[in-house]
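1. I'd like to go over a predicted model; first the sequence, then the structure.
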Amino acid sequence: MLNLSRRTLLKSAVVAGAYGAGVAILPRLSQALAAPTPLDIEARIIEATLDGKAATKKVMSYGLGGSVSADPSPPVLRMQRGKPFAATLTNKLDEPTTIHWHGLRIPNAQDGVPFVTQPYVYPGDRFDYAFAPPDAGTFWYHPHCNTLTQMGRGLTGMLVVEDDRDPDFDGEVAINLRDFRLGSDSQFIAQFKPRDAAKTGTFGTVRTANWQPEPVYDVPAGGLVRLRILASDVTRIYNLRLNGAEAMIIALDGHPVPERTTLDMAVVSPGQRIDLALRVPDSEGVTVSLEDIRPSTPKVVAQFRTVGTSLKRNLGDLGPLSENAGVDADLTNATPIPLVLSATAENAARDSICGTLGFSFWAINKVPYPGDSPDPTAPIAELKLGQSYILNVENVTPHAHPIHLHGMNFKAISSNKHDVTSQVSDTYLILPDEKVQLALVADNPGDWVFHCHIIEHQKTGMTGYFRVT
Ligand SMILES: [Cu+2]
């Protein structure tokens, strides 16, 4: 059996290469191995063809070291579990920005939330980030400043934390799912409609994977391929399935699943990740489709084309992923924190220092947050370092909310809507009328933001923060 190591394959443009519109693009999966010197990350404005028709102006993206890439999507950053990582952000936008490392349990000062954990990085300025990621898995990075515009225009990159103990795959494809709001002239249109912000959020008009409509990736016939999938869209919730091959769910939100199951359909909401082990069909020239079936009509988001002679691998042979820390909450002595997610009657514009949408539609415990600034709003709750807590989150709105906690992980321990597992996570999609209990240990000191990852909801009130001291 041919069983090349992942690293060998990553150097090959043949396996897991991206092919869009007939143009081969090198896989950028090994670009940023843990760096002894800081990685030079630029936030920049570029032109890029996103809809397959014409160049879109004022796309925002990340680039490395002043380089210009043929691929407009932000580079996939790779780091090693427990090894020091450093990056210098240079802001080449025409507005302030920051980088938040979504899902990484790192020191508060590295968390990238302006005026909560760090100052603005103004145009032309730099900011140094340095940390050692404690968990292996699939994560991502994005700004936490004027986020609807900056993320809506493209500042959302994938981040992979590797562990040498992870099993070998025959290939790997990182897939960043997101929409862009473009008009018929391929240029950006208004990022949101207030009436939609008060409901599900405003959807994009052009759907992409890695900034391409329906890209096709070559994968080795009969092989086991790791698909790392991120929903970085600011609004869309995906119901993903695979058409034409079998796959196993091996990790959710970066963390290994307690029990592997065959993929039927998986709900992945803004901010969430899913890792699949894809068993590629044996015959050459077969196409497998990754489809979104929400609400019902299947939409192909990416495709995989089999190449070569079958490697004849078995999903059952795949060893376990290296373990991450569990959430070891003391449920007997945990302190409950009630958190009611609601709509707010107050629709007046609120001041914000970091990109207001001019409305407030949503609230946590009846307080609509004015923006990304903690002032004048107090923390939702003050947590004692090392103590266990149960977030009793209740969604009294008619819409689903992917609620995300910075800096610490949680696990659901009960829900009135479905069975829960001991899955470790940082983002939970709470359904309408759902009551969920999220257990956590307040093991990371600092001010940690808690917000809906439908960015219009976040930016119109559904935000707050916990203070851990
Ligand atoms: Cu929401």
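-> Okay, I see it. Residues are numbered from 1 along each chain as shown.
2. element containing residue 144, please.
-> Secondary structure assignment for residue 144, by DSSP states H and E: no helix or strand.
3. what's across from residue 341 in the sheet?
-> When bridges are called by DSSP bridges, residue 341 pairs up with residue 364, residue 395.
4. list the contacts for it?
-> Going by C-beta atoms under 8 Å, 6 or more residues apart in numbering, residue 341 touches 362-364, 393-397, 401, 403, 430, 452, 462. Where you see a C-beta, it was placed from the backbone N, CA and C, and this is true even at glycine.
5. ok, and of the residues you listed, which contact the ion?
-> Among those, the ones lying close to the ion by the criterion of C-beta under 5 Å from the ion are 401, 452.
6. are any of the contacts of residue 341 buried, and which?
-> Among the contacts of residue 341, those scoring as buried are 362, 363, 364, 393, 394, 395, 397, 401, 403, 430, 452, 462 (criterion: 16 or more other C-beta atoms under 10 Å).
7. what about the fifth one, distance to the ion?
-> To tie it back to what came earlier, the one meant is residue 394. Using C-beta to the ion, to the nearest Å, residue 394 is found at 14 Å from the ion.
8. would TSV of the buried ones among the contacts of residue 341 with pLDDT and distance to residue 86 be doable?
-> Formatted as TSV, the buried ones among the contacts of residue 341 follow (pLDDT from 0 to 100; distance: C-beta to C-beta, whole Å):
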residue	pLDDT	distance to residue 86
362	83	36
363	84	38
364	83	34
393	97	35
394	97	41
395	96	39
397	94	41
401	97	34
403	97	30
430	97	36
452	94	31
462	88	33
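9. among the residues you listed, which one sits closest to residue 82?
-> Checking these against residue 82 by C-beta to C-beta gives residue 403 as the nearest, at 28.3 Å.
10. excluding its backbone neighbours, what's nearest the residue nearest the centre of the chain?
-> What sits nearest the mean C-alpha location of the chain, by C-alpha atoms, centre = their mean, is residue 271, with 3.7 Å. Excluding the flanking residues, the one nearest residue 271 by C-beta to C-beta, 6 or more residues apart in numbering is residue 453, at 3.6 Å.
11. do the same with residue 289
-> residue 243 (4.3 Å).
12. which positions in the stretch 351-469 of the chain make contact with the ion?
-> 401, 452, 454, 457.
13. can you pull out the helices in the protein?
-> All helices of the chain, identified by DSSP state H, fall at 6-10, 147-152, 194-197, 455-459.
14. point out where the stretch 351-469 of the chain drops to low pLDDT.
-> Where the stretch 351-469 of the chain drops to pLDDT under 70, the residues are 351-355, 370-377.
15. what lies in contact with stretch 461-469?
-> Residues from elsewhere that reach stretch 461-469 (C-beta under 8 Å, 6+ apart): 116, 341, 344, 350, 360-365, 367-369, 371-372, 374, 377, 379-385, 401, 403, 405-408, 442, 444-452.
16. change it to 6 Å
-> The contact list for stretch 461-469 (C-beta atoms under 6 Å, 6 or more residues apart in numbering) reads 344, 360, 362-364, 368-369, 379-383, 385, 442, 445, 447-452.
17. mark which of those residues are part of strands, please.
-> 362, 363, 364, 381, 382, 383, 447, 448, 449, 450, 451, 452 (DSSP state E).
18. how close does the second one sit to the ion?
-> With distances taken as C-beta to the ion, residue 363 is found 11 Å from the ion.
19. spatially nearest residue to that residue (excluding sequence neighbours)?
-> Going by C-beta to C-beta, 6+ apart, residue 363 has residue 344 as its nearest residue, at 4.3 Å.
20. wait, what's in contact with the one you found?
-> Counting by C-beta under 6 Å, 6+ apart, residue 344 touches 360, 363, 368, 461.
21. between those residues, which is nearest the ion?
-> In terms of C-beta to the ion, no member of the contacts of residue 344 lies closer to the ion than residue 461, at 9.7 Å.
22. for the residue in the stretch 151-300 of the chain that the ion sits nearest to, give me its contacts.
-> Among all residues of the stretch 151-300 of the chain, residue 201 sits closest to the ion, at 7.2 Å; criterion: C-beta to the ion. Residue 201 sits next to 235, 454, 456 when contact means C-beta under 6 Å, 6+ apart.
23. rewinding a little: biggest separation within the contacts of residue 344, which pair?
-> By the measure C-beta to C-beta, 360 and 363 form the most distant pair in those, at 7.6 Å.
24. so residue 38 sits against residue 88, correct?
-> Yes: using C-beta atoms under 6 Å as the test, residue 38 is close enough to residue 88 to be in contact (4.6 Å).
25. quick one: residue 306 from residue 167, how far?
-> From residue 306 across to residue 167, the span is 21 Å (C-beta to C-beta, to the nearest Å).
26. looking at the two, which is more packed in?
-> Shown here are residue 306 and residue 167; by other C-beta atoms under 10 Å, residue 306 has more neighbours (22 against 15).
27. surely residue 302 is in contact with residue 207?
-> No: using C-beta under 6 Å, residue 302 makes no contact with residue 207, being 10.5 Å away.
28. show me where pLDDT drops low in the stretch 1-150 of the chain?
-> Using pLDDT under 70, the stretch 1-150 of the chain drops low at 1-36.
29. which residue would be the closest one in it to the ion?
-> Going by C-beta to the ion, the ion is nearest to residue 148 of the stretch 1-150 of the chain, at 12.8 Å.
30. since we're on residue 67, how many residues are nearby?
-> Neighbourhood size, residue 67 [other C-beta under 10 Å]: 10.
31. going forward, the N-terminal residue is numbered 779.
-> Done: numbering now begins at 779, and the last item shifts to residue 845.
32. over to it: give its phi and psi.
-> Note on residue 845: its backbone torsions stand at phi -80, psi 160 [degrees, to the nearest 10].
33. do the same with residue 1105
-> phi -100, psi 100.
34. what sits against it?
-> Counted by C-beta under 6 Å, 6+ apart, residue 1105 has contacts 1187, 1188, 1189, 1202.
35. let's have those residues in CSV, adding neighbour count.
-> Supplementary listing: those in CSV, determined by neighbours: other C-beta atoms under 10 Å:
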residue, neighbour count
1187, 25
1188, 25
1189, 21
1202, 25
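36. the residues you listed in strands, which ones?
-> 1188, 1189, 1202.
37. for this protein, what lies in contact range of the ion?
-> So far as C-beta under 5 Å from the ion goes, the chain lies against the ion at 1179, 1230, 1232, 1235.
38. closest to residue 960 out of those residues?
-> Nearest to residue 960 out of the residues of the chain next to the ion is residue 1232 (C-beta to C-beta; 19.8 Å).
39. excluding covalently adjacent residues, which one is nearest to that closest one?
-> The spatially closest residue to residue 1232, leaving aside those adjacent along the chain, is residue 979, at 4.4 Å (C-beta to C-beta, 6+ apart).
40. how about residue 1088?
-> Leaving aside its sequence neighbours, residue 1088 sits nearest to residue 1000 (C-beta to C-beta, 6+ apart; 3.0 Å).
41. residue 1052 bridge partners, please.
-> Counting by DSSP bridges, residue 1052 is bridged to residue 1007, residue 1030.
42. just the one 4 residues further on next, same as before
-> Taking DSSP bridges, one finds residue 1003, residue 1025 as the beta-bridge partners of residue 1056.
43. and for it, the neighbour number?
-> Residue 1056, neighbours per other C-beta under 10 Å, totals 26.
44. if we can go back for a sec, could you say which of the helices of the chain is packed most deeply?
-> Highest mean neighbour count of those: helix 1233-1237, a mean of 29 (counted as mean count of other C-beta atoms under 10 Å).
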